[in-house]
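> pasting the structure only:
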């Protein structure tokens, strides 16, 4: 059963565990306007559903999420009012995930890039396929990584490593992600979802109030750190989206990978 309101973000399952699936497999789950809005709205609905006690978060097909859809990002860059609304919504995705009280297990079944990487890392437990990787190429495209690694990565790895990966946009393979603190476990590709469900069901059986308030207490550390930088980060990202350099970099990025403009999946917001 799909309890969600959008075909691009499926909410499925009965009982205490729900599966949230980004569902644009032909576009590698690149985030368009509809998916962006759904990602901002879904956590509130799941929070109010008293039956739900744990969530498995994944992507359809061979990717977790490949970042931003070409058409979506082109509009963000070209229309100031639309950009401001999108930045506010991107901020809400981050804050809703931080405030969500129930455990979220990210089943990273394939590439998690840009915003996709942030969605994975902001989950509570990250299980990565041995064929998956993380990357945040915001800077390489000419924009500030406000909904990317600048908010959470320095809390999870050394600041030196966070700077290197954000400055360069280099891929982080699954084994390295586990070693530096961006993933909990690396598992064979065909075991990512089974292992995620196994853990979700186990957490769903834990004493509810104790688990949720423990998550809340831990996330207070993250929230306080993120609050100190989020305003500057999103204001700066909005400014850099408007620069001609971003549009040039976006076209060059897609051309290098042989992606046609309507179907492109660029790795950012």
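Received it, and whenever you're ready, just let me know what you need. As the structure is a prediction and not an experimental result, all values here were calculated from the model.
> Low-confidence regions, the stretch 51-200 of the chain specifically.
Applying pLDDT under 70 to the stretch 51-200 of the chain picks out no residues at all.
> now the strands for it?
With strands called from DSSP state E, counting those that start in this stretch, the stretch 51-200 of the chain shows them at 54-59, 68-69, 104-108, 112-113, 125-129, 133-135, 172-173, 185-187.
> Which strands or helices does the second one pack on?
What that stands for is strand 68-69. strand 265-266 (3 or more Cβ pairs under 8 Å, 6 or more residues apart in numbering; DSSP states H and E). Heads up, the C-betas are built off the backbone N, CA and C, glycines and all.
> which residue sits closest to residue 97 in space, ignoring its chain neighbours?
Spatially, and ignoring its direct neighbours in sequence, residue 97 is nearest to residue 122 (4.5 Å; Cβ to Cβ, 6 or more residues apart in numbering).
> Pull the contacting residues for that neighbour.
94, 97-98, 152 (Cβ atoms under 8 Å, 6 or more residues apart in numbering).
> For residue 148, see how far away it is.
11 Å (Cβ to Cβ, to the nearest Å).
> cool, residue 21 as well?
In terms of Cβ to Cβ, residue 21 sits 22 Å off from residue 148.
> Of those two, which one has the most company?
Between residue 21 and residue 148, counting by other Cβ atoms under 10 Å, residue 148 is the more crowded of the two (31 against 21).
> Tell me if I'm right that residue 233 and residue 149 touch.
No - using Cβ atoms under 8 Å, residue 233 is not in contact with residue 149, being 10.4 Å away.
> Switch the strands of the stretch 51-200 of the chain over to JSON lines; also include distance to residue 79 and mean neighbour count.
JSON lines is the format used below for the strands of the stretch 51-200 of the chain (distance: least, Cβ to Cβ, whole Å; neighbours: other Cβ atoms under 10 Å):
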{"stretch": "strand 54-59", "distance to residue 79": "28", "mean neighbour count": "26"}
{"stretch": "strand 68-69", "distance to residue 79": "15", "mean neighbour count": "27"}
{"stretch": "strand 104-108", "distance to residue 79": "32", "mean neighbour count": "28"}
{"stretch": "strand 112-113", "distance to residue 79": "24", "mean neighbour count": "32"}
{"stretch": "strand 125-129", "distance to residue 79": "34", "mean neighbour count": "25"}
{"stretch": "strand 133-135", "distance to residue 79": "27", "mean neighbour count": "25"}
{"stretch": "strand 172-173", "distance to residue 79": "33", "mean neighbour count": "20"}
{"stretch": "strand 185-187", "distance to residue 79": "41", "mean neighbour count": "19"}
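> Output those in TSV; the columns should cover distance to residue 48.
Putting these into TSV (distance: least, Cβ to Cβ, whole Å) gives the following:
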stretch	distance to residue 48
strand 54-59	13
strand 68-69	29
strand 104-108	16
strand 112-113	27
strand 125-129	23
strand 133-135	31
strand 172-173	35
strand 185-187	30
